[in-house]
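**Student:** Attaching a predicted model along with its sequence, questions to come.
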Amino acid sequence: MASRVWTAWMAALGLLSLSVVPAAQAVNPTHLTRLLATRRCERCRLNDAELTNAFLRQANLNGANLQRANLNGADLREAFLLGADLRGADLRNTNLEGANLMGAQLEGARLHEARVSDRTLMEPRWRLVRDLVTDGVGDRDLREADLRGANLDGVDLRGLDLTGANLQGATLEGAFLSGSRLTQANLADGNFFLADLRRTQIDQANLTDANLRATDVRQSNVQNSNLANANLGLAYLTHVNLSNSLLTNANLSRTEMVGADLSHSDLAGANLSLANLRQTTLAGANLTGTNLEGTELTGSDLSLADLQRSSLIGIRLQEADLIGINLSRRNLRGADFSRTNLSYADLSRTNLQGANLQGANLSNANLAGANLSEANLQGANLQWTNLQGADLREANLMETSLRFAHLDQANLSRVNLYNSAIEGISLSGTNLCEAIMPNGQIHPCR
């Protein structure tokens, strides 16, 4: 019945053609005075108007701009609000019995305790929103529910099944959604600031441009979801499953992501600066052009991840797994790769001057033409590593395994090779001037 009424009103009145005054302009004092005196103000500019407890019974406000207006406690019984713009308006405790709100825009409007009756004409989704924020969920089935633009701030939706629900543009600041199911839900442009989304199923969901700043998403399943351009700054994402998700240009700055799974996710252009990603899985992830400045990645798995054009200043990668990673021609001066697995990695022509590679595994890695001057490689594994033409001046290679490494044309002047294993190495054209050899003797200059 409600849907037939809605269709009839829209067709008969052509509400979409009603002229609405742009919201950028402030309330028109003349319009406000006219409304309070006559209760007639079609297409008036009343945005941000203060109308708390106003008597507006049977008022004609068709097509009026009432964006962000304060109508808390107002009497709007039997009022005409066809096509009115009430986005962000405060309609708490407002009496809307018998009012006509067909075609009205109520995105972001606060409808808690708004009084409606069977004679109140409004789009079904706005009646549902009013019921949810006033009476609670009850036994309502919210699967595939249409809640676009709904203001559900602080609402308790814990443990509910919202599979396939449309919450595009909805605001759920401080809402409680822990343990709920949002599989395949449309949450694009949604506002979840400070919401509780712990242990929630949000897989295959659309979260493009969503605001998840400071949101608690711990231990949730968000795999195969679209979070492009989403704001997750300062969010709690520990042990979250974001594998195979799209996070291009997302803001993840200063997030807590310890133990998260981001394997095979697309993070191109994302901001992960100063984020805590200890023991995080990023295997096969696309990190091209990503901001990783000051990011904590100790013990993380970045094997076969793509880090082209990413910013790595101050990155911490101790004990990380970087098997086969491509960091060719990058500036990693002073980076900390201690005890990191870089086997089969491409570090050719990379600047690693002064880097800490103590105990790192660089076996079969390509370091041709790399700058390793003053680097600390003590105890590192460099077996079968390509170091042709590399600059290792004054580097510390004590107790390093260089078995079958290629050091042709490399510069090892004043390098420390004490107690290192050098069986089978290739040293054609290598500069060993004043190098400390494995037996402790200093190599003469030629």
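**Tutor:** Received it, and whenever you're ready, just let me know what you need.

**Student:** so residue 33 sits in a helix?
**Tutor:** Yes - applying DSSP: H, G, I helix; E, B strand; the rest coil, one finds residue 33 inside a helix.

**Student:** Model confidence score at it, please.
**Tutor:** Per-residue pLDDT puts residue 33 at 96.

**Student:** Likewise for residue 308?
**Tutor:** Reading off the model, residue 308 has pLDDT 89.

**Student:** That one is in what secondary structure piece?
**Tutor:** Following DSSP states H and E, one finds residue 308 outside all helices and strands.

**Student:** Ignoring the adjacent residues along the chain, who's closest to it?
**Tutor:** Excluding its sequence neighbours, the residue lying closest to residue 308 (C-beta to C-beta, 6 or more residues apart in numbering) is residue 288, at 4.7 Å. Backbone N, C-alpha and C define where each C-beta goes, glycine included.

**Student:** Quick check: the gap between the one you found and residue 248.
**Tutor:** 10 Å (C-beta to C-beta, to the nearest Å).

**Student:** Show me which of these two is the more surrounded one.
**Tutor:** A direct count of neighbours by other C-beta atoms under 10 Å for residue 288 and residue 248 places residue 248 higher, at 20 against 17.

**Student:** Would you confirm that that one contacts residue 271?
**Tutor:** No - using C-beta atoms under 8 Å as the test, residue 248 is too far from residue 271 to be in contact (11.2 Å).

**Student:** ok, the residue nearest to residue 308 touching residue 249?
**Tutor:** No - if you go by C-beta under 8 Å, residue 288 and residue 249 don't touch, sitting 11.6 Å apart.

**Student:** Report the set of residues contacting both of those two.
**Tutor:** 268-269 (C-beta atoms under 8 Å, 6 or more residues apart in numbering).

**Student:** how about the strands in the chain?
**Tutor:** Using DSSP state E, no strands are found in the chain.

**Student:** Check residue 26 and give its pLDDT.
**Tutor:** 84.

**Student:** What's the local residue count around it?
**Tutor:** For residue 26, using other C-beta under 10 Å, the count is 10.

**Student:** Would you confirm that it contacts residue 32?
**Tutor:** No - Residue 26 is not in contact with residue 32 according to C-beta under 8 Å; the separation is 10.6 Å.

**Student:** Helix or strand, whichever it is, which one in the protein has the lowest mean pLDDT?
**Tutor:** helix 2-13 (a mean of 39; mean pLDDT, DSSP states H and E).

**Student:** so what's the residue nearest to residue 308 up against?
**Tutor:** 268-269, 306-310.

**Student:** ok, so what distance separates the residue nearest the centre of the chain from residue 222?
**Tutor:** Nearest to the mean C-alpha position of the chain, by C-alpha atoms, centre = their mean, lies residue 232 at 3.7 Å. Separation of residue 232 from residue 222 (C-beta to C-beta): 10 Å.

**Student:** Next: residue 231.
**Tutor:** Distance from residue 231 to residue 222, by C-beta to C-beta: 15 Å.

**Student:** For residue 446, report the pLDDT, please.
**Tutor:** The model's pLDDT for residue 446 equals 79.

**Student:** Determine the number of other residues adjacent to the closest residue to it other than its chain neighbours.
**Tutor:** The shortest distance from residue 446 to any non-neighbouring residue, by C-beta to C-beta, 6+ apart, is to residue 433 (7.3 Å). Per other C-beta under 10 Å, the neighbour tally for residue 433 reads 16.

**Student:** For stretch 61-71, give the mean pLDDT please.
**Tutor:** Average pLDDT, stretch 61-71: 98.

**Student:** As PDB, could you dump the C-alpha coordinates of stretch 411-429?
**Tutor:** Once non-C-alpha atoms are left out, stretch 411-429 reads as follows in PDB (Å, rounded to 0.1, in the frame of the first residue of the first chain):
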ATOM      1  CA  ASN A 411      84.500  -2.100  -4.700                       C
ATOM      2  CA  LEU A 412      85.400  -3.700  -1.400                       C
ATOM      3  CA  SER A 413      88.000  -1.200  -0.300                       C
ATOM      4  CA  ARG A 414      88.400  -1.100   3.500                       C
ATOM      5  CA  VAL A 415      85.600  -3.700   3.800                       C
ATOM      6  CA  ASN A 416      85.600  -6.000   6.900                       C
ATOM      7  CA  LEU A 417      85.500  -9.700   5.800                       C
ATOM      8  CA  TYR A 418      86.900 -11.200   9.000                       C
ATOM      9  CA  ASN A 419      85.800 -14.700   9.600                       C
ATOM     10  CA  SER A 420      83.600 -14.700   6.500                       C
ATOM     11  CA  ALA A 421      83.100 -17.700   4.100                       C
ATOM     12  CA  ILE A 422      84.300 -16.900   0.600                       C
ATOM     13  CA  GLU A 423      84.500 -20.300  -1.100                       C
ATOM     14  CA  GLY A 424      83.800 -20.200  -4.800                       C
ATOM     15  CA  ILE A 425      83.400 -16.400  -5.000                       C
ATOM     16  CA  SER A 426      84.200 -14.600  -8.200                       C
ATOM     17  CA  LEU A 427      86.500 -11.600  -7.700                       C
ATOM     18  CA  SER A 428      87.500 -10.600 -11.300                       C
ATOM     19  CA  GLY A 429      88.400  -6.900 -11.300                       C
END
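
**Student:** Flag every buried residue along that stretch.
**Tutor:** Using 16 or more other C-beta atoms under 10 Å as the test for burial, stretch 411-429 gives 411-418, 420-422, 425-427.

**Student:** Next: stretch 304-319.
**Tutor:** 304-307, 310-312, 315-319.

**Student:** what residues does it touch?
**Tutor:** 282-300, 302, 322-327, 330-332, 335-340.

**Student:** do stretch 365-372 as well
**Tutor:** 328, 342-353, 355, 357, 382, 385-392, 395.

**Student:** which stretches of the stretch 1-150 of the chain aren't confidently modelled?
**Tutor:** Across the stretch 1-150 of the chain, the ranges flagged by pLDDT under 70 are 1-24.

**Student:** hey, where'd the helices end up in the stretch 1-150 of the chain?
**Tutor:** Per DSSP state H, counting those that start in this stretch, the stretch 1-150 of the chain carries helices over the ranges 2-13, 29-38, 124-135.

**Student:** Which positions in stretch 51-70 come out as buried?
**Tutor:** Result for stretch 51-70 [16+ other C-beta under 10 Å]: buried residues 51, 54, 56-57, 59-70.

**Student:** how long is it end to end?
**Tutor:** Using C-alpha to C-alpha, to the nearest Å, the end-to-end distance of stretch 51-70 comes out at 5 Å.

**Student:** Also stretch 177-186?
**Tutor:** End-to-end span of stretch 177-186 (C-alpha to C-alpha): 15 Å.

**Student:** I would like the residues contacting it, please.
**Tutor:** 157-168, 195-206.

**Student:** sorry, back to before: out of the contacts of residue 288, which is nearest to residue 440?
**Tutor:** residue 307 (39.1 Å; C-beta to C-beta).
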